[in-house]
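J.: Coordinates for the following, if possible.
(2 chains)
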Amino acid sequence: MSLLQLDNLSVTFGQFKAVDNISYKVEEGEVLGIVGESGSGKSVSSLSIMGLIDFPGKIEADTLSFDGQNLLSMPEKQRRKLTGSEIAMIFQDPMTSLNPCFTVGYQIIEALKTHQGGSKKELTKRAIELLMQVGIPAPETRLAAYPHQLSGGMSQRVMIAIAIACNPRLLIADEPTTALDVTIQAQIIDLLIELQRKKKMGLVLITHDLALVAEVAHRVIVMYAGQIVESGPAAEVFSTPQHPYTQALLKSLPESSVGQSRLDALSGVVPGVYDRPMGCLLSPRCPYATDHCRSVEPSTQGTLERQVKCHTPLDYEGRPTA
Amino acid sequence: MFQFILRRLSLVIPTFFGITLLTFTLIHMIPGDPIEVMAGERGVSAERHAMLSAELGFDQPLYIQYFRYVGGVLQGDLGNSLVTRTPVLDEFLALFPATVELSICAALFAIFIGLPAGIIAAVKRGTIFDHSVMTVSLTGYSMPIFWWALLLMLIFSVNLGWTPVSGRIDVVYWIDNTTGFMLIDTWLSDEEGAFTSAVSHLILPSIVLGTIPMAVIARMTRSSMLEVLSEDYIRTARSKGIAPWRVIVIHALRNALIPVITVIGLQVGILLSGAILTETVFAWPGIGKWLIESIGRRDYPVVQGGILIVATIIIVVNLLVDIMYGVINPRIRHSH
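T.: Down below sits the predicted model:
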């Protein structure tokens, strides 16, 4: 039984399908990378796992289960017992993700108190331990600090402390380093991976940073316009991309354009609610698109391990198969 | 924090002078002569007029009169009323408790209705409840006070007979003036039914006076809550799996209250400065009624002194609001 299992999950906001029939699994102790440009539904799909999609957003799925428990059918109260304790999440912008009116200590202890309880003394002790685990110096004094007194990197460490407070089995990190300086980014990722290994958590790492995913993720999912276009073991997907979109993402890395005056880029933007194309959603931007691509939506094909949603998946040479 | 208060207090001095100059100029610009107003229809002879003018200092040039007045104020003397000849400060202190009592009740009404209404409207935005709260508060805000007062009086006092029409208490009671607050004085007295009578006299004026602050507070709370509810830290709070009421009452409200506190403070300041219309309609013996009557009588010292005291009250309330702001918002508290 997988730790997290999604089958045909869709999230719609009125007419707009932010997430369109996606399926994936996360096993215990596995790092799953989700990549894709802005607006491809990465964050929305993870918020739906946390139960943080509000009206008018609508979630539909054949399965959305955590450790065999159906998240969609369980009562709200029971689900809240899982969120924050068994499943936790870290967000993009640490500077705005902490409540400015409460101390760091209060916000960590609140998470502990909600799910585990205990005396004030025990909770404070636990909070200090957590701050130590995430590498915050002088944790005793930091408990009384307010978020505006912390740097971005420190705030993200506090966010991580809150997330791991109740020893979650699944941690979702939604672009945890996007808002941070490059030097701090590496520290935060190292911390996350270290904690993930130590606690054997499942980790869903949502990011724009392909190099990072290649380095730390076991498997990777490439999303485009709410759909999963390619998935598979990270090393394979990045060495021999089968989907033109994955290929384009890799090509757009500065490293691929050494010696050129311009960086390679995929022209156009992710389709919105009014310009959703017929057939394959990438067809207006895809360099290999045929008339068939523009009229018929491709199905997902491939092995259990390696899947691609394309009529003409790319071969080892990076050329479309006819 | 101490420095902050000192800095705020130092601003009070120029404000004070500005207010004395402004009220002095304005009241002397209004045509009319206090001595003739005092004399009424009987009129006053030219010699008597000159004598009184000299006695009251009105024969001096205006700037001399102003400096005399400011000199008195600096020594804590606001002058005597031209009509009653009693010191302005004594008159003020005798009437102020009535205004405070009414203001507190009106403010409580406004806060206890406006705050929850605004919170619920924000949480249930777009629903019937939200739309009704916003409609009611807009109506309350734009309704003329005197008309609203008369309307309530007509329904509840005249037709239903639930509440008395005006005044602070039924004339059958004789209450010793211990504190000046009718609710406390009647509570302390042995007169049976006096307290109930005082309460029933307070209900309509409080509602009338509290309507505009209530509308302002409800609208402000709603928009502030809506803004806060879309913040990232609310999502963080929800991701901890805490109960929805905790997210709203602890995480959202604390932040949303910061601008609301300012609005409440400003409204309370306005209430304390005397509700001219409400006090007049309900024959409530407070500051507002006192000031409006003294303007009619061209009672210069009362108008000048009264406005100066009222301005002081507003300044003090604003200072308290600023201090409260620092207490609630850690970002301000630590900015020194």
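
J.: hey, let's count contacts and neighbours off CA atoms from now on
T.: Will do.

J.: how about the residues of the stretch 51-200 of chain A that lie near chain B?
T.: When proximity is defined as CA under 8 Å from any CA of the partner chain, the stretch 51-200 of chain A approaches chain B at A:52, A:80-85, A:88-89, A:91, A:96-101, A:111, A:114, A:146, A:148, A:163.

J.: Please see if the strand or helix carrying B:V216 touches chain A.
T.: Secondary-structure element containing B:V216, defined by DSSP states H and E: helix B:194-229. No - Helix B:194-229 lies apart from chain A when judged by CA under 8 Å from any CA; the minimum separation is 10.2 Å.

J.: Tell me the helix or strand right after that helix.
T.: Scanning forward in sequence from helix B:194-229, with DSSP H and E defining helices and strands, the next element found is helix B:232-239.

J.: quick one: the helices in the stretch 151-300 of chain A?
T.: Ranges of helices in the stretch 151-300 of chain A, per DSSP state H, counting those that start in this stretch, are A:152-164, A:182-199, A:210-216, A:234-239, A:244-251, A:291-295.

J.: got JSON lines for the ones you listed, with mean neighbour count and distance to A:E305 too?
T.: As requested, the helices of the stretch 151-300 of chain A are arranged in JSON lines below (neighbours: other CA atoms under 10 Å in any protein chain shown; distance: least, CA to CA, whole Å):
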{"stretch": "helix A:152-164", "mean neighbour count": "26", "distance to A:E305": "30"}
{"stretch": "helix A:182-199", "mean neighbour count": "15", "distance to A:E305": "23"}
{"stretch": "helix A:210-216", "mean neighbour count": "16", "distance to A:E305": "16"}
{"stretch": "helix A:234-239", "mean neighbour count": "18", "distance to A:E305": "10"}
{"stretch": "helix A:244-251", "mean neighbour count": "20", "distance to A:E305": "17"}
{"stretch": "helix A:291-295", "mean neighbour count": "15", "distance to A:E305": "24"}
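
J.: Test my guess that A:R169 contacts A:G202.
T.: Yes - with contacts counted by CA atoms under 8 Å, A:R169 reaches A:G202, the gap being 6.0 Å.

J.: shared neighbours, these two?
T.: Contact criterion CA atoms under 8 Å, 6 or more residues apart in numbering or on different chains; residues bridging A:R169 and A:G202 by contacting each: A:E28.

J.: Compute the first-to-last residue distance for stretch A:137-155.
T.: In terms of CA to CA, to the nearest Å, the two terminal residues of stretch A:137-155 are separated by 13 Å.

J.: what's the spacing between that stretch and its chain's center?
T.: On the basis of CA atoms, centre = their mean, to the nearest Å, stretch A:137-155 is displaced by 26 Å from the centre of the chain it belongs to.

J.: Run through the residues of chain B sitting next to chain A.
T.: For chain B, the residues found near chain A under the criterion CA under 8 Å from any CA are B:231-236, B:238-243, B:251, B:254-255, B:328-331.

J.: Buried ones among those residues?
T.: Buried residues within the residues of chain B next to chain A, counting neighbours by 16 or more other CA atoms under 10 Å in any protein chain shown: B:232-236, B:238-242, B:251, B:254-255, B:328-331.

J.: how many neighbours does residue 260 have?
T.: All of this is about chain A. Using other CA atoms under 10 Å in any protein chain shown, A:Q260 has 9 neighbouring residues.

J.: The intended chain is chain B.
T.: Other residues within reach of B:V260, judged by other CA under 10 Å, total 24.

J.: before we move on, what about the one 4 residues further on?
T.: B:I264 is flanked by 22 other residues according to other CA under 10 Å.

J.: re earlier: need the helices of the stretch 151-300 of chain A in JSON lines with mean pLDDT, can you?
T.: Output for the helices of the stretch 151-300 of chain A, formatted as JSON lines (pLDDT from 0 to 100):
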{"stretch": "helix A:152-164", "mean pLDDT": "91"}
{"stretch": "helix A:182-199", "mean pLDDT": "89"}
{"stretch": "helix A:210-216", "mean pLDDT": "88"}
{"stretch": "helix A:234-239", "mean pLDDT": "90"}
{"stretch": "helix A:244-251", "mean pLDDT": "90"}
{"stretch": "helix A:291-295", "mean pLDDT": "90"}
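
J.: how about the ones you listed in JSON lines, adding distance to B:I313?
T.: As requested, the helices of the stretch 151-300 of chain A are arranged in JSON lines below (distance: least, CA to CA, whole Å):
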{"stretch": "helix A:152-164", "distance to B:I313": "42"}
{"stretch": "helix A:182-199", "distance to B:I313": "52"}
{"stretch": "helix A:210-216", "distance to B:I313": "62"}
{"stretch": "helix A:234-239", "distance to B:I313": "69"}
{"stretch": "helix A:244-251", "distance to B:I313": "65"}
{"stretch": "helix A:291-295", "distance to B:I313": "73"}
